[in-house]
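Chemist: Please find the sequence and the predicted model below.
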Amino acid sequence: MAASLLRSSPFIFTQQQPNTRAVNNGPKFFTIKATISSDKPVETTPATKHRRPADESIREEAHRRSFSEHNKFSAKYVPFNAEPACTESYSLDEIVYRSRSGGLLDVQHDIEALKEFDGNYWKSLFDSRVGKTTWPYGSGVWSKKEWVLPEIDSDDIVSAFEGNSNMFWAERFGKQHLGMNDLWVKHCGISHTGSFKDLGMTVLVSQVNRLRKMNRPVVGVGCASTGDTSAALSAYCASAGIPSIVFLPANKISMAQLVQPIANGAFVLSLDTDFDGCMQLVREVTAELPIYLANSLNSLRLEGQKTAAIEILQQFNWEVPDWVIVPGGNLGNIYAFYKGFHMCKELGLVDRIPRLVCAQSANANPLYLHYKSGWSDFSPVKAKTTFASAIQIGDPVSIDRAVYALKNSNGIVEEATEEELMDAMAQADATGMFICPHTGVALTALVKLRNSGVIRATDRTVVVSTAHGLKFTQSKIDYHSKAIPEMACRLANPPVNVKADFGSVMDVLKKYLLSKDLDSKQVSHLVAMKRIFRYLKHNLDIGFWYPNVDDFELTSYSDSDYGGCKRDYKPTSTGCQFFGKRLVTWKCKKQMSEFYFYL
Ligand SMILES: N[C@@H](CCOP(=O)(O)O)C(=O)O
């Protein structure tokens, strides 16, 4: 249908080859340029602005274009970190989460095919797609489609144009608290469902969409979650009309996170266990039922999440930061960052990768303990309650991936106590952020590494903020109302109850302003001056009344009466001024100096 519309359209579509290509025999990436054919009348209505036939959606347009795209890139599942001689592999269209030996899988791209294009080609291609609405490249994830899921038809993609997240310069936090001038926060929480999980979920749900179109046995998609994964899964599934089932630990996730899958129509199971218990159950269930597993045990997710690392490089104009700090729970994300950076190095976009830091809550710190033991035998822990609830995980499924990422990036693991992470969150919020507690964990790691001199004042450092602070308001309320047992909450900023009258409000405000680092004279002079103005404003009826007259003559009289005072013979000088016929000022003063003269 689209083709016949195209024939009847007044537009002629031409392919534009990018001039950045390194070789001539690679895939064709082109933009569609619309021109008006000369044998049709030129329309002047806004309809002529369409770059595609008016009744064609951007998805249909992408579908039509993909027929003419010759795609030579591919990817497959292989056992994670396998020996080079290993030949085990699976098509991405297979439903498989584990290798034959029960180990993790990884998505392996045909690097040789990607290498046919040089680093500059990829940089230009990725840069050219940022901030557009072209399906699906307007997404920060799908703008790197060739490196993510190269073989998926754009028509099968389920996307909310996720990614392209803000990375901002944390100027005040950096300068004031750390003496740093190059501190950045990559805010992955400014996203469709408020966390970085959207990056991986668009990939996983798109692949499920494809599998269902291929009539593969996938009735629904399921995950265990501490909140963010379930929110992302349910949103993307709802968008594609795919049933989602989420396994949540009862009373262990925030209200905002719980309401997300509920609102998106997921089948929500609230289970009387912790995340690790939910994870165990969902693995057993997905082995039995035609429910596709959406946790990051499924390596497809990491293909999307790795694009955040590529984006960081892109946002620094392809300069490599010194450090990237990532909070860690189930530990897929630290590997995703490693993989994104590593691919950029391998394909010639950059010449090195940053050092990675994984930050854990001290109440759920199996990776930290493993790191501290010199990577000796790993033991899961029983995760204790933490304000960083999204990373309250004791038996992370991606432990091997995380260790690999840290070892290969000269990485470090740090931990944060409850008090440290909550203070860091409050401190960051007080500099204008509104971060989640997990970002508080990452900032604590930064503070510790900065204090020990490992991270230097001038090191370019990126802290990854994983979720939006608005999902975690209860933790902030508890902190600022000093309602946390055994925590000083030293940066609490509770609201001040004050009587609703002017005097009471003024009193508390004066106290507040004087407590600030302002010059106290400045405050008291300002208050005195304001009081005078207020007096004048409220007493306009007191004083002299001067009617409006035409006579604007100013006349001044003065007189000196030498020794005029009968009692002390002091000279007295007087004077008065008239404005028109009205007296405006007068003066009468005994002169001390002349008094001495007459002695
Ligand atoms: N923090 C996660 C826990 C699950 O991790 P995943 O990497 O398997 O999705 C969440 O938000 O649920």
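Modeler: Yes, it's here. Residues are numbered from 1 along each chain as shown.

Chemist: Quick check: residues of the chain near the ligand?
Modeler: 197, 225, 226, 227, 228, 229, 295, 296, 329, 330, 332, 390 (CB under 6 Å from any ligand atom). All C-beta atoms are positioned from the backbone trio N, CA, C, and that covers glycine.

Chemist: how about 5 Å then?
Modeler: Residues of the chain found near the ligand (CB under 5 Å from any ligand atom) are 225, 226, 228, 229, 295, 296, 329, 330, 332, 390.

Chemist: mind listing which of those residues are in helices?
Modeler: 228, 229, 332 (DSSP state H).

Chemist: how about TSV for those, with neighbour count and pLDDT added?
Modeler: Output for these, formatted as TSV (neighbours: other CB atoms under 10 Å; pLDDT from 0 to 100):
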residue	neighbour count	pLDDT
228	30	98
229	28	98
332	25	98
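
Chemist: how would you label residue 505: helix, strand or coil?
Modeler: Judged by DSSP: H, G, I helix; E, B strand; the rest coil, the three-state class of residue 505 is helix.

Chemist: Relative to the ligand, how far out is it?
Modeler: Distance of residue 505 to the ligand, given as CB to the nearest ligand atom, to the nearest Å: 44 Å.

Chemist: can you tell me which residues contact the residue in the stretch 51-200 of the chain that the ligand sits nearest to?
Modeler: In the stretch 51-200 of the chain, the residue that lies nearest the ligand is residue 197 (5.8 Å; CB to the nearest ligand atom). Taking CB atoms under 8 Å, 6 or more residues apart in numbering, we find residue 197 in contact with 228, 229, 231, 232, 233.

Chemist: Helices of the stretch 201-350 of the chain, residue ranges please.
Modeler: 228-240, 255-263, 275-288, 300-305, 307-315, 332-346 (DSSP state H, counting those that start in this stretch).

Chemist: Dump those into JSON lines; add distance to residue 147 as well.
Modeler: As requested, the helices of the stretch 201-350 of the chain are exported to JSON lines (distance: least, CB to CB, whole Å):
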{"stretch": "helix 228-240", "distance to residue 147": "20"}
{"stretch": "helix 255-263", "distance to residue 147": "29"}
{"stretch": "helix 275-288", "distance to residue 147": "27"}
{"stretch": "helix 300-305", "distance to residue 147": "8"}
{"stretch": "helix 307-315", "distance to residue 147": "8"}
{"stretch": "helix 332-346", "distance to residue 147": "6"}
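
Chemist: so which of those comes closest to residue 129?
Modeler: helix 307-315 (10.2 Å; CB to CB).

Chemist: what's the burial count for residue 55?
Modeler: 10 (other CB atoms under 10 Å).

Chemist: Pick out whichever of the contacts of residue 197 sits closest to residue 78.
Modeler: Once CB to CB is applied, the member of the contacts of residue 197 that ends up nearest residue 78 is residue 229, at 24.1 Å.

Chemist: rewinding a little: and the residues of the chain next to the ligand, which are buried?
Modeler: 225, 226, 228, 229, 295, 296, 329, 330, 332, 390 (16 or more other CB atoms under 10 Å).

Chemist: So which of the residues you listed are in strands?
Modeler: Assigned to strands by DSSP state E, none of these qualify.

Chemist: can you list the residues you listed in a markdown table and add distance to residue 183?
Modeler: Shown next, in a markdown table, are those (distance: CB to CB, whole Å):
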| residue | distance to residue 183 |
| --- | --- |
| 225 | 30 |
| 226 | 27 |
| 228 | 24 |
| 229 | 28 |
| 295 | 32 |
| 296 | 28 |
| 329 | 23 |
| 330 | 26 |
| 332 | 25 |
| 390 | 23 |
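
Chemist: Point out where this protein drops to low pLDDT.
Modeler: 1-51, 66-70, 517-521, 523, 540, 542-550, 562-566, 591-599 (pLDDT under 70).

Chemist: the longest helix in it is where?
Modeler: With DSSP H as the criterion, the chain gives helix 520-538 as its longest helix.

Chemist: got the end-to-end distance for stretch 175-187?
Modeler: 19 Å (CA to CA, to the nearest Å).

Chemist: what comes into contact with it?
Modeler: 165-171, 173-174, 308, 311-312, 315, 321, 427, 431, 433, 435, 439, 446-447, 450, 455, 457-465.

Chemist: Just those residues: which are in strands?
Modeler: With strands taken from DSSP E, the overlap with the contacts of stretch 175-187 comprises 167, 168, 169, 461, 462, 463, 464, 465.

Chemist: quick one: contacts for the second one?
Modeler: Same thing as residue 168. So residue 168 contacts 184, 185, 187 (CB under 8 Å, 6+ apart).

Chemist: again with the third one
Modeler: Neighbouring residues of residue 169 by CB under 8 Å, 6+ apart: 183, 184.

Chemist: can we see that at 6 Å?
Modeler: Contacts for residue 169 were tallied using CB atoms under 6 Å, 6 or more residues apart in numbering; they are residue 184.

Chemist: chain center to the helix or strand hosting residue 508: distance?
Modeler: Element membership of residue 508, judged by DSSP states H and E, is helix 502-515. Mean-position distance between helix 502-515 and its chain equals 36 Å (CA atoms, centre = their mean, to the nearest Å).

Chemist: helices or strands up against it?
Modeler: Contacts defined by 3 or more CB pairs under 6 Å, 6 or more residues apart in numbering; DSSP states H and E place helix 502-515 against helix 520-538.

Chemist: Now the following helix or strand past the helix it packs on - C-alpha only, PDB.
Modeler: Downstream of helix 520-538, the next assigned helix or strand under DSSP H and E is strand 554-561. What follows is strand 554-561 as a C-alpha-only set of coordinates in PDB (Å, rounded to 0.1, in the frame of the first residue of the first chain):
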ATOM      1  CA  LEU A 554      11.800  77.400  45.500                       C
ATOM      2  CA  THR A 555      12.500  80.300  47.900                       C
ATOM      3  CA  SER A 556      14.900  80.200  50.800                       C
ATOM      4  CA  TYR A 557      15.200  82.500  53.800                       C
ATOM      5  CA  SER A 558      18.000  82.600  56.400                       C
ATOM      6  CA  ASP A 559      18.800  84.700  59.400                       C
ATOM      7  CA  SER A 560      21.600  84.900  62.000                       C
ATOM      8  CA  ASP A 561      21.000  86.500  65.200                       C
END
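
Chemist: quick one: contacts of strand 554-561?
Modeler: 572, 573, 574, 575, 576, 577, 578, 579.

Chemist: For the ligand, give me its nearest residue in the stretch 351-500 of the chain.
Modeler: Among all residues of the stretch 351-500 of the chain, residue 390 sits closest to the ligand, at 4.3 Å; criterion: CB to the nearest ligand atom.
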